[in-house]
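**Q** Okay, predicted coordinates and the sequence, questions at the end:
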Amino acid sequence: MDPLSERLHDKFDIEEFVSKYRYTLTLILLGTLLIGIGILFVKGIFNQKNNIEILENSSQLSTEIQEVVVEIVGAVEKPGVYKLSAGSRVEDLLIAGGGISADADREWMEKMVNRAAKLSDGQKIYIQSINEQTLGAGASNLDGAKVDQGVTVVGAGSLTNINSASQSELENLKGIGPVYAQSIIEHRPYSNVEELASKGALKQGVYEKIKDSVTAY
């Protein structure tokens, strides 16, 4: 060993230092370890609280979309407002309303009613009776409500159903060409004919031309 190394070794002996202060060093290491564990634990608690809050919000949102509120009037046994599960069909609403009444126009229903159509929240379904042969007659029993105000008249054969009409059927409407017909199809489904304008499928001026020639159910 050279003289410099001997002098350094004489001044500081690491083995002697560790042996002399081993208890102190051990306590320092344990303290550092405990502090680290404590920090990780606290962070875990805060993260867990945040996750719980997000799950609660998701659960609340899920509850909000589990039900739809719809109304059925006209030739049914129990007309009224019903709360059904989301994704329910016209058939489910007919069952909730006690089924069609004796004066319901069954021939029209066989041809025009899509019992498999999905219901949307706030939708109103009107079932035509056998004595009503025109849309005007049916609408007169709705206390002034218009079809384009959210009332779906089921059984209006002279109207084009914007939820099921083909491209060619839509192009037969006044002012509707291939572009507008495709736009109507792309924005489906509709709960009422007003959504042709509110959803941006048609410009307001074009909508005004066809609103009395279409229906939505």
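**A** Perfect, I can see it now. Residues are numbered from 1 along each chain as shown.

**Q** thought residue 175 was touching residue 207?
**A** No - the criterion here is Cβ atoms under 8 Å, and residue 175 misses it with residue 207 at 9.2 Å. C-beta here means a position set from N, CA and C on the backbone, and glycine is covered the same way.

**Q** Looking at the two, which one has more neighbours?
**A** Between residue 175 and residue 207, counting by other Cβ atoms under 10 Å, residue 207 is the more crowded of the two (20 against 13).

**Q** Report how many residues lie close to the closest residue to that one other than its chain neighbours.
**A** Nearest non-adjacent residue to residue 207, counting by Cβ to Cβ, 6 or more residues apart in numbering: residue 197, 4.3 Å away. The number of residues packed around residue 197, counting by other Cβ under 10 Å, is 17.

**Q** ok, residue 197 - contacts?
**A** 203-204, 207 (Cβ atoms under 8 Å, 6 or more residues apart in numbering).

**Q** pLDDT at it, what is it?
**A** The confidence metric pLDDT takes the value 92 at residue 197.

**Q** go on, residue 84?
**A** 92.

**Q** Do a quick rundown of the helices in the protein.
**A** Applying DSSP state H to the chain gives helices spanning 3-11, 14-20, 22-64, 90-96, 106-112, 135-139, 167-171, 178-186, 195-198, 204-210.

**Q** buried stuff in the shortest one?
**A** Neighbour counts using 16 or more other Cβ atoms under 10 Å place 195-197 of helix 195-198 among the buried residues.

**Q** From those, pick the one nearest residue 43.
**A** residue 195 (48.4 Å; Cβ to Cβ).

**Q** That closest one is in contact with residue 216, isn't it?
**A** Yes - between residue 195 and residue 216 there is a contact under Cβ under 8 Å: 7.4 Å.

**Q** Return the closest of the buried residues of helix 195-198 with respect to residue 166.
**A** residue 196 (16.5 Å).

**Q** Could you tell me how far that closest one is located from residue 190?
**A** Counting by Cβ to Cβ, to the nearest Å, the gap between residue 196 and residue 190 amounts to 7 Å.

**Q** any common contacting residues for those two?
**A** The contact lists of residue 196 and residue 190 share residue 162, where a contact means Cβ under 8 Å, 6+ apart.
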